[in-house]
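Peer 1: Predicted model, plus sequence, below.
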Amino acid sequence: MNTGPIKNLGRSFDRVADAYDAARPAYPDEVYRAVTEVSGVEFDGATTVDVGAGTGIMTLALRARGSQVIAVDPGEAMLARLVSKAGGEQGRRVEAVLADGNALPLADGVADLVTYAQSWHWLDPAISIAEARRVLRPEGAIVGCWNLNHAAQAEWLAAYEARLAREVPAYWGPAVEQWSVPPIASAFEVIEERWIPWTRLIGIDDFLLDLRSHSYMAALSQERADEVVERQRAELRREFPEGVLSVPMRVYLAVGK
């Protein structure tokens, strides 16, 4: 198997690890309640493999709910931030593994849950799910979720996404007609899919720091990325002079086997 694209992906996100760690949104509590309700797996006492763990947004939330977590990611800098944060907290341990979801260096049947938070779309759809099934216990479940701007709910947000689509060649999001949520539900036996709405209150500067953490921005030169961000900043400050945004969000959640 050619692992080059995954290794390159890890390096790409390593370049924006600071922005990712500082500004990517967490998941609302309802997501975790829904996972337990649909899967039947309680987090407390479970072993969870968090694939594409990044800097630990979901990993640390799972641990706070009582899981022992094996965090898997191809980015060294991303995992280093996760380990740094995990080491300062009390509770169940987090094991960090430098790898990717197409080839999990784990034994068969070790996990109650395999989670992909904002990550499954980077993997081979068939191989990754086969690997998830291999490491799961018989009553375990696979969880995929994505935190998404809900641009249809706010004109300013739709305009923001449209500007990105015009200015960033690699942009992939709601301003592109062909865009859709990653088709994880077609890759496994679905138990349930849900859309979970929520609202994010965030300052403009942090919102734009989040923008810098996305792969399509990491593909730009530093100079070009700065230009895109500054144009967005000018537009947002013109519309929201108080500097605070109320961002309509929604989480797409799919749970299966």
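Peer 2: Sure, I can see it. Residues are numbered from 1 along each chain as shown.

Peer 1: in the stretch 1-150 of the chain, which ranges drop under the pLDDT threshold?
Peer 2: Per-residue confidence for the stretch 1-150 of the chain (pLDDT under 70) gives these ranges: 1-13, 88-92.

Peer 1: and with 90 instead?
Peer 2: In the predicted model, the stretch 1-150 of the chain carries pLDDT under 90 at residues 1-23, 85-94.

Peer 1: Pull the residues that contact the top helix by length along the chain.
Peer 2: Counting by DSSP state H, the longest helix found in the chain is helix 222-239. Applying Cβ atoms under 8 Å, 6 or more residues apart in numbering, the contact partners of helix 222-239 are 156, 159-160, 163-164, 167-168, 204-205, 207-208, 211-212, 217, 220, 243, 245. (Each C-beta comes from the backbone N, C-alpha and C, glycine too.)

Peer 1: Please report the distance of the nearest residue to His150 once chain neighbours are set aside from Pro182.
Peer 2: Take His150 and drop its neighbours on the chain: the residue closest to it by Cβ to Cβ, 6 or more residues apart in numbering is Pro248, 4.2 Å away. Counting by Cβ to Cβ, to the nearest Å, the separation of Pro248 from Pro182 is 20 Å.

Peer 1: Those two: which is more packed in?
Peer 2: When Pro248 and Pro182 are compared for neighbours, Pro182 comes out ahead with 19 against 16, by other Cβ atoms under 10 Å.

Peer 1: helix, strand or coil for that one?
Peer 2: What DSSP: H, G, I helix; E, B strand; the rest coil gives for Pro182 is coil.

Peer 1: residues contacting it?
Peer 2: 120-121, 144, 146.

Peer 1: buried residues in the helix or strand encompassing Glu139?
Peer 2: In this structure, Glu139 is located in strand 136-149 according to DSSP states H and E. By neighbour count on 16 or more other Cβ atoms under 10 Å, the buried set for strand 136-149 is 136, 140-149.

Peer 1: same deal with stretch 182-199?
Peer 2: Buried positions in stretch 182-199, judged by neighbour count with 16+ other Cβ under 10 Å: 182, 184-185, 187-188, 191, 194, 196, 198.

Peer 1: wouldn't Arg65 be in contact with Val41 here?
Peer 2: No: counting by Cβ atoms under 8 Å, Arg65 stays clear of Val41, with 11.2 Å between them.

Peer 1: that older thread, buried ones among the contacts of helix 222-239?
Peer 2: 160, 163-164, 168, 204, 207-208, 211-212, 217, 220, 245.

Peer 1: Take the residues you listed and keep only those in helices.
Peer 2: Members of the buried ones among the contacts of helix 222-239 lying in helices (criterion: DSSP H): 160, 163-164, 204, 207-208, 211-212, 217.

Peer 1: What segments of the stretch 51-200 of the chain are helices?
Peer 2: Remark: helices assigned in the stretch 51-200 of the chain by DSSP state H, counting those that start in this stretch are 57-64, 76-87, 125-135, 155-167.

Peer 1: and the nearest residue to Ala46 once chain neighbours are set aside, how many neighbours?
Peer 2: In space, and not counting its chain neighbours, Ala46 is closest to Asp112: 4.0 Å by Cβ to Cβ, 6+ apart. Around Asp112 there are 20 other residues, counting by other Cβ under 10 Å.

Peer 1: just checking, what packs against the helix or strand harbouring Ala34?
Peer 2: Secondary-structure assignment from DSSP H and E places Ala34 in helix 29-39. Under the contact criterion of 3 or more Cβ pairs under 8 Å, 6 or more residues apart in numbering; DSSP states H and E, helix 29-39 touches strand 136-149, strand 190-203, strand 244-256.

Peer 1: quick one on the thing from earlier: roughly how far is the strand holding Glu139 from the heart of the chain?
Peer 2: 12 Å (Cα atoms, centre = their mean, to the nearest Å).

Peer 1: now swap in stretch 52-65 and tell me
Peer 2: Between the centre of stretch 52-65 and the centre of its chain there are 10 Å (Cα atoms, centre = their mean).

Peer 1: tell me which residues in it are buried?
Peer 2: 52-63, 65.
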